[in-house]
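# quick check, what structure comes out for this input:
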Amino acid sequence: MVVAWLPVELWIKIIKNIFDPSSLLAFRLVNHAWDDIASKQLKHVAYLSVEPGSLDDTEKRVSNRKTRLSTKGIVVCLPNSDHFYFRDPCQPGTLSSSSNSEHQERLRRLLLDELPRFENLIHMAVHFRPPPKALGPHQASAFSQEHWIYHMVEDLFSTLSQFYKGLDELFLECLPVHAMIPGSSPDSHPQQYAEALEFLQDLNLKSLKLAWVGPGVWPPSNAPIWKTYGPANLWISPVKDTLRHLSISSWGFYIVEWTRFGPDGPDFHIPNLESLELRACTFTSDVGFKWILAHKSTLYSLKFDDCAILHCLQTSPDNPFISQTLAKKVEIKHGLKMGLCQLRWQEWFHKFRAGLPNLTNFQFGSSRIREPGEEGPVFESERVKGPRFGQKAKFLLGLFPDRYLEMKQNLEEAPWILDPPAETHKKRPQCDKADLVALRLLLKYTKQHADENSTSDHAGYVENLLGRVKP
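Residues are numbered from 1 along each chain as shown. Here you go, the predicted structure:
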């Protein structure tokens with residue numbers, strides 16, 4: 001872990017401006033002083049879910065002027081584990097519920113009609129909770145989740161449209177990768193999409209977090225729906241002029257060259273970007289790294305969490321995906337097309353040190369929930385369970401083996417990769433020593449103290465900044 005020393009008084013001022021519950025809960029574990037101030041902050045955060053107690057508490061908070069004005073943050077959990085609609089296999093065309101739909105309607109009413117009454121709201125986090133595994137294979141396959149996701153995202157945008165430039169932070173967590181901005185799918189009305197983008201732009205957001213989960217967590221009932229994935233840039237472009245902090249993460253899959261997909265391509269720029277956090281993002285060319293360096297005048301914090309360079313990307317011979325990755329060398333062997341990437345992390349650690357003059361916080365490592373022996377690229381805990389609500393896995397700073405990967409792309413257009421190769425054909429780059437030297441020089445440049453030996457509550461650990469996995 002990288003430790004930044006600051007006076008206690010300054011930390012207290014910082015905590016008083018944080019309304020993200022997961023961060024506040026982590027602060028409570030540091031010491032008694034932080035526990036006290038973070039606990040007081042949590043009183044300014046409302047929690048809304050389909051549970052009756054949560055619905056009652058939110059209604060009381062809204063109706064009381066004092067608590068309504070003091071509420072600065074809200075967490076909306078959509079929905080909780082057993083409140084899902086699915087199609088009844090015995091009665092096609094009908095919907096049944098695993099819980100009372102009255103609670104769903106109360107939640108929807110609060111979301112649409114009452115949340116905008118929190119006029120001092122700064123932070124809003126929305127957690128899309130995955131469908132229950134207990135539905136069983138027949139019900140899960142018939143589960144009408146796309147219909148539900150579409151309407152919940154639509155309701156979210158209807159709520160956001162009423163905040164009128166009052167919201168600073170928007171966190172979307174456990175977002176199904178096939179969730180679309182209203183109107184952005186090919187068969188939608190352009191006017192609806194234009195209105196949705198206008199809603200986002202009017203918020204004047206300073207912080208945006210987009211945390212997607214893959215099909216193992218949110219299994220789409222229709223496989224081709226993956227091809228309607230909306231690139232991250234669709235969400236980012238409308239708010240780029242005011243955005244200062246951006247976090248992009250994926251769980252159960254890898255995003256490929258995220259800067260290249262979207263309406264603006266790799267040329268889009270966030271003029272006031274101060275911090276960037278990427279989780280499970282991969283690089284097949286220098287485009288994404290150059291995009292980061294283009295923000296040298298403003299960027300002071302940069303985090304790579306389980307990101308990887310794809311040193312070899314496999315596709316079928318007739319798959320055009322590799323041409324989109326700008327691979328400089330392509331081979332056709334073993335009945336496969338292989339795009340080879342010669343990038344190494346050491347090169348970009350040196351370039352960040354030379355090209356980001358304001359960088360004061362740099363983190364590179366892993367927060368994977370690893371099982372013994374799991375070195376990647378497949379992590380069963382991520383493919384099935386999804387992230388735990390309200391809990392953050394411990395981040396280990398270090399160089400893990402899966403920072404270089406060989407992957408197989410079976411899709412032609414989607415900017416993500418899900419599948420490991422059936423067989424690897426290219427040797428992983430052997431550059432631990434050079435990467436380690438470059439990382440240490442970069443941490444010295446940013447004046448950070450790194451804990452070079454650390455463990456976690458899962459199978460990952462770090463020795464002398466080299467990440468290891470328990471056998």
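
# where in the stretch 201-350 of the chain is pLDDT low?
For the stretch 201-350 of the chain, the stretches flagged by pLDDT under 70 are 218-230, 261-266.

# all strands of it, in order?
When assigned using DSSP state E, counting those that start in this stretch, the strands of the stretch 201-350 of the chain occupy the ranges 207-213, 245-251, 254-256, 275-279, 281-283, 301-305, 308-315, 329-333, 336-340.

# would you turn those strands into TSV with distance to residue 26 and mean neighbour count?
In this view, the C-beta of every residue, glycine as well, is placed from N, C-alpha and C. Output for those, formatted as TSV (distance: least, C-beta to C-beta, whole Å; neighbours: other C-beta atoms under 10 Å):
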stretch	distance to residue 26	mean neighbour count
strand 207-213	15	22
strand 245-251	15	22
strand 254-256	25	24
strand 275-279	15	19
strand 281-283	23	24
strand 301-305	15	20
strand 308-315	26	24
strand 329-333	44	11
strand 336-340	39	20
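
# burial check on residue 70, number of neighbours?
Burial of residue 70 is recorded as 13 neighbouring residues (other C-beta atoms under 10 Å).

# then residue 294?
By other C-beta under 10 Å, the residues close to residue 294 number 17.

# show me what contacts the residue nearest to it when sequence neighbours are not counted?
In space, residue 294 comes closest to residue 269 once its chain neighbours are excluded; the distance is 6.4 Å by C-beta to C-beta, 6 or more residues apart in numbering. For residue 269, the contacting residues are 240, 294, 295, by C-beta atoms under 8 Å, 6 or more residues apart in numbering.

# quick one: which of the strands of the stretch 201-350 of the chain is nearest residue 126?
Checking those against residue 126 by C-beta to C-beta gives strand 207-213 as the closest, at 10.1 Å.

# angle of that closest one against strand 245-251?
Between the direction of strand 207-213 and that of strand 245-251, the angle (axes from the mean of the first three to the mean of the last three C-alpha atoms, to 10 degrees) works out to 0 degrees.

# now the helices: where do they sit in the stretch 301-450 of the chain?
Chain-ordered helices for the stretch 301-450 of the chain, with DSSP state H, counting those that start in this stretch as the definition, fall at 321-324, 345-355, 380-384, 432-445.

# how about the last one: buried residues?
It stands for helix 432-445. The neighbour-count criterion (16 or more other C-beta atoms under 10 Å) identifies 434, 435, 436, 438, 439, 442, 443, 445 as the buried residues of helix 432-445.

# next: the first one.
Residues 321, 322, 324 are the ones in helix 321-324 that count as buried (16+ other C-beta under 10 Å).

# separation between the second one and residue 200?
Using C-beta to C-beta, to the nearest Å, residue 322 is found at 33 Å from residue 200.

# give me the neighbour count for residue 56.
Neighbours of residue 56 using other C-beta under 10 Å come to 11.

# okay, and it sits in which element?
Under DSSP states H and E, the secondary-structure element containing residue 56 is helix 52-63.

# next helix or strand past that helix?
Going down the chain from helix 52-63, the next helix or strand is helix 65-70, by DSSP H and E.

# next structured bit after that next one?
Secondary structure here is assigned by DSSP H and E; on that basis, the next helix or strand after helix 65-70 toward the C-terminus is strand 73-78.

# avg pLDDT for that following strand?
What strand 73-78 shows for mean pLDDT is 84.

# so what's the gap between stretch 64-83 and the chain middle?
Relative to its parent chain, stretch 64-83 has a centroid offset of 21 Å by C-alpha atoms, centre = their mean, to the nearest Å.

# beta partners for the nearest residue to residue 422 once chain neighbours are set aside?
Leaving aside its chain neighbours, residue 422 sits nearest to residue 408 (7.1 Å; criterion: C-beta to C-beta, 6+ apart). In this structure, residue 408 has beta-bridge partners residue 314, residue 419, where bridges are defined by DSSP bridges.

# okay, the strands of the stretch 201-350 of the chain in a markdown table with distance to residue 41 next?
Rendered in a markdown table, the data for the strands of the stretch 201-350 of the chain read as follows (distance: least, C-beta to C-beta, whole Å):
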| stretch | distance to residue 41 |
| --- | --- |
| strand 207-213 | 16 |
| strand 245-251 | 18 |
| strand 254-256 | 32 |
| strand 275-279 | 20 |
| strand 281-283 | 31 |
| strand 301-305 | 21 |
| strand 308-315 | 36 |
| strand 329-333 | 52 |
| strand 336-340 | 48 |
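
# out of these, nearest to residue 373?
strand 308-315 (18.5 Å).

# show me what that closest one is packed up against.
Where contact means 3 or more C-beta pairs under 8 Å, 6 or more residues apart in numbering; DSSP states H and E, strand 308-315 is packed against strand 281-283, helix 321-324, strand 336-340, strand 404-408.

# between strand 329-333 and that strand, find me the angle.
Using the same axes, to 10 degrees: strand 308-315 against strand 329-333 is 40 degrees.

# just the CA trace of strand 308-315, in PDB.
Once non-C-alpha atoms are left out, strand 308-315 reads as follows in PDB (Å, rounded to 0.1, in the frame of the first residue of the first chain):
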ATOM      1  CA  ALA A 308      -2.700  -5.900 -18.600                       C
ATOM      2  CA  ILE A 309      -0.800  -5.600 -21.800                       C
ATOM      3  CA  LEU A 310      -2.100  -8.200 -24.300                       C
ATOM      4  CA  HIS A 311       1.200  -9.400 -25.600                       C
ATOM      5  CA  CYS A 312      -0.700 -11.800 -27.900                       C
ATOM      6  CA  LEU A 313      -4.300 -11.600 -29.000                       C
ATOM      7  CA  GLN A 314      -5.700 -14.600 -30.800                       C
ATOM      8  CA  THR A 315      -8.700 -14.600 -33.200                       C
END
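
# what's near enough to touch residue 8?
If a contact means C-beta under 8 Å, 6+ apart, then residue 8 has residue 33 as its contacts.

# got the helices and strands packed on strand 308-315 as CSV, with distance to residue 22 columns?
Shown next, in CSV, are the helices and strands packed on strand 308-315 (distance: least, C-beta to C-beta, whole Å):
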stretch, distance to residue 22
strand 281-283, 21
helix 321-324, 35
strand 336-340, 37
strand 404-408, 28
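
# closest one to residue 42 among the ones you listed?
Distance to residue 42, taken as C-beta to C-beta, is lowest for strand 281-283 among the helices and strands packed on strand 308-315, at 31.1 Å.

# given that closest one, what are its sheet partners and their directions?
By DSSP bridges, strand 281-283 pairs with strand 254-256 (parallel), strand 308-315 (parallel).

# now do the last one and helix 345-355, the angle between them.
Going back to what we said before, that points to strand 308-315. Counting by the same axes, to 10 degrees, strand 308-315 lies at 130 degrees to helix 345-355.
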